[in-house]
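*Asks:* Just a sequence and a predicted model for now, questions to come.
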Amino acid sequence: MNWKNSTTRYGSLSISLHWLMLIVFIAVYATINLRELYEKGSDPREALKTWHFMLGMLAFALVWLRIVARFSDPTPGISPQPPHKQELAAKLLHLALYALMIGMPLTGWLLLSAAGKPIPFFGLELPALIGENKDLAKQIKELHEFVGTMGYFLIGLHAVAAFYHHYIVRDNTLTRILPERE
């Protein structure tokens, strides 16, 4: 398989980044939700929160690689071509997903900064983006949690749309981003 996109299929770089980002997002959501199983201040809860922070920052790093890959290669066409309104809806959903992939880690980073907490990243500590401000931290936390909840819907809508195209419309929307079978 070619690393670069063609006019009919995504290349292995884009495919790998797409599915890796899904795995990272599943892990990000899992770690923050699983922490609720443990008492506040307990070691397992704190470890899950740390993993949530680190995986969120990994998503932030990966999204920039995805953006470079997306704009350096052609976007494979959908066959048969969908109506203009569907293409517009798909572009808006992708834009919202990219905003999620950038916005969630960024607000998480800002939240930790404003809370005066360390920003861990796999053995490193990232610098604070802003000074400590507990009131601002509370506001950023509300925004972060709201957008996180919206992320469930955006990711779910993305998946439903892919299955709709694959099973109802029967176009190549989904198969373009799946690894090739040999």
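*Replies:* Everything's here; your move. Numbering: from 1, shown residues only.

*Asks:* Which of the three states applies to the most centrally placed residue in the chain?
*Replies:* The centroid of the chain falls nearest to M101 when counting by CA atoms, centre = their mean (4.0 Å). Under the three-state scheme (DSSP: H, G, I helix; E, B strand; the rest coil), M101 adopts helix.

*Asks:* quick one: the closest residue to it other than its chain neighbours from I130, how far?
*Replies:* With CB to CB, 6 or more residues apart in numbering as the criterion, M101 has its nearest non-adjacent residue at 4.0 Å, and that residue is V63. All C-beta atoms are positioned from the backbone trio N, CA, C, and that covers glycine. Separation of V63 from I130 (CB to CB, to the nearest Å): 21 Å.

*Asks:* more neighbours, the two?
*Replies:* Applying other CB atoms under 10 Å to V63 and I130 shows that V63 carries more neighbours, namely 21 against 13.

*Asks:* Now do the buried residues in stretch 23-30.
*Replies:* Buried residues in stretch 23-30, counted by 16 or more other CB atoms under 10 Å: V24, F25, A27, V28, Y29.

*Asks:* about what we covered before: what comes up buried for the helix or strand containing the residue nearest to M101?
*Replies:* Secondary-structure assignment from DSSP states H and E places V63 in helix 43-72. Neighbour counts over helix 43-72 (16+ other CB under 10 Å) mark 45, 48-49, 51-60, 62-63, 66, 69-70 as buried.

*Asks:* Return the distance of whichever strand or helix holds S16 from the chain's centre.
*Replies:* Per DSSP H and E, S16 falls inside helix 12-34. Relative to its parent chain, helix 12-34 has a centroid offset of 7 Å by CA atoms, centre = their mean, to the nearest Å.

*Asks:* rewinding a little: most widely separated two among the buried residues of stretch 23-30?
*Replies:* Across these, no pair lies farther apart than V24 and Y29, at 9.8 Å, counting by CB to CB.

*Asks:* quick one, what contacts V147?
*Replies:* Going by CB atoms under 8 Å, 6 or more residues apart in numbering, V147 touches L100, G103, M104, T107.

*Asks:* Also P80?
*Replies:* Neighbour list for P80: D171 [criterion: CB under 8 Å, 6+ apart].

*Asks:* go on, G103?
*Replies:* With contact set as CB under 8 Å, 6+ apart, G103 has these partners: V147.

*Asks:* Give me the distance between it and I140.
*Replies:* To I140, G103 is 11 Å away according to CB to CB.

*Asks:* Spit out the contact partners of D171.
*Replies:* If a contact means CB under 8 Å, 6+ apart, then D171 has I78, S79, P80, P82, H165 as its contacts.
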